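J.: Generate coordinates for the sequence data below:
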Amino acid sequence: MKQYLDLLKEIKENWIWKDDRTGTGVRGVFGMQAKYNLDDGFPLVTTKKTFMRIIIVELIWLLRWETNIKYLVDRNCHIWDEWPFQNYIDSNWLSEQFPKYSDAWMEEKSIFIEKIASLPSDDAFVVKWWDLWPVYGHQWRNFNSEWVDQIKNIIDQIKNNPTSRRIIVSAWNPAQLDKMLLPPCHAFFQFNVDTTNNRLNLQLYQRSADMFLWVPFNIASYSTLLIMIAKITWLTPWTFTHTLWDAHIYNNHVDQVNEQLLREPFPLPELKIHTDIQTLEDIENLEWADFEVVGYQSHGVIRAPVAV
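T.: Below is the predicted model:
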């Protein structure tokens, strides 16, 4: 994962400081890119422990056109908890009682997560307060709420029009941004078919990149997506290109980044899918148990707060 570490180093050397929406402040660089050849191994960060189970669960959630975090909570995946919880706090005028990131806020969040885990998916409380609204998966599979299934469309194009330069999925929909709890950070992605060598490439265009917390997840998630789409289109997954527009390190992540950069990376692992997948529907029905990360060795966890 030298490419990812090189990006962190470049930001440290050339950063520009600015305020941000969360009030935390960031140090960033505008316009960066890294390429990961999957022939060299699966690009899972090794300089800190990166939890592949969480990445897979979230990716399948997106591909299933899910927007409610109930699916994630039921599978012990909690990377989206803060946004619907904070929306509940703000919408019910509880911000003074539960100041963001305070001990009281953390305790109340835990109570609400336990509550959502105990309720059925169609419970009115779950439906109202734990939905992110028309975010990623909704735009992927039902763009603008007009039944445009972009994932099915790109699969059809890869199979039947592989030389197209329009094999694109957009999560960025200006018409519905104000309805989303969080506008998409990974905004759109494009597939390219190497028809000479029967290989499939993928490029992600990411408008906002939290380099320490979320970019390792994004790299692994879209590399997994490349592998899955290649499997059902009978191609070999090849290169994942990651284009980052606003790449930044939060001010409260600087020490963690410094610690990570002192660590030597381990060899890359291999990702295996043990279930035979031939269609998009097969992908939608996958669970974490269908995957195996072979040979993953990493340094320990480095914890850092999420900015909401």
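
J.: Quick check: closest non-adjacent residue to P305.
T.: N252 (5.9 Å; CB to CB, 6 or more residues apart in numbering). Quick note: C-beta positions are derived from backbone N, CA and C, even for glycine.

J.: A304 is in contact with the one you found, correct?
T.: Yes: with contacts counted by CB atoms under 8 Å, N252 reaches A304, the gap being 7.0 Å.

J.: Find residues that contact each of those two.
T.: With CB atoms under 8 Å, 6 or more residues apart in numbering applied, the contact sets of N252 and A304 do not overlap.

J.: Look at those two and report which has more neighbours.
T.: A304 (17 against 14; other CB atoms under 10 Å).

J.: before we move on, back to that, roughly how far does the residue nearest to P305 sit from F212?
T.: Separation of N252 from F212 (CB to CB, to the nearest Å) stands at 10 Å.

J.: what do you get for L132?
T.: From L132 to F212 the distance is 23 Å (CB to CB).

J.: What of E259?
T.: 10 Å.

J.: Likewise for L235?
T.: 33 Å.

J.: Quick one: neighbours of the closest residue to P183 other than its chain neighbours, just the number.
T.: Excluding the flanking residues, the one nearest P183 by CB to CB, 6+ apart is L177, at 5.1 Å. If you count neighbours by other CB under 10 Å, L177 ends up with 11.

J.: my read is L177 is in a helix, agree?
T.: Yes: under DSSP: H, G, I helix; E, B strand; the rest coil, L177 falls within a helix.

J.: Got the phi and psi for the nearest residue to F125 once chain neighbours are set aside?
T.: In this structure, F125 finds its nearest non-sequential neighbour in L119, 6.4 Å apart by CB to CB, 6+ apart. The phi and psi torsions at L119 (degrees, to the nearest 10) take the values phi -100, psi 150.

J.: L119 reaches V127, doesn't it?
T.: No: taking CB under 8 Å as the definition, L119 is not a contact partner of V127, at 9.8 Å.

J.: one step back: give me the common contacts of N252 and F212.
T.: Shared contacts of N252 and F212, counting by CB under 8 Å, 6+ apart, come down to A304.

J.: Quick check: pLDDT value at the closest residue to F191 other than its chain neighbours.
T.: What sits nearest to F191 in space, not counting adjacent residues and going by CB to CB, 6+ apart, is I167, at 4.2 Å. I167 carries a pLDDT value of 98.

J.: got it, and P43?
T.: 98.

J.: ok, it - contacts?
T.: M1, Q3, Y4, Y36, I219, A220, S223, F240, L268.

J.: hmm, back to that, compare E259 and F212 and say which one has the larger neighbour count.
T.: Neighbours per residue, other CB under 10 Å: of E259 and F212, the larger number sits with F212, 21 against 14.

J.: list the contacts for the more buried one?
T.: F212 sits next to L8, I249, Y250, H253, Q256, V257, Q260, A304 when contact means CB under 8 Å, 6+ apart.
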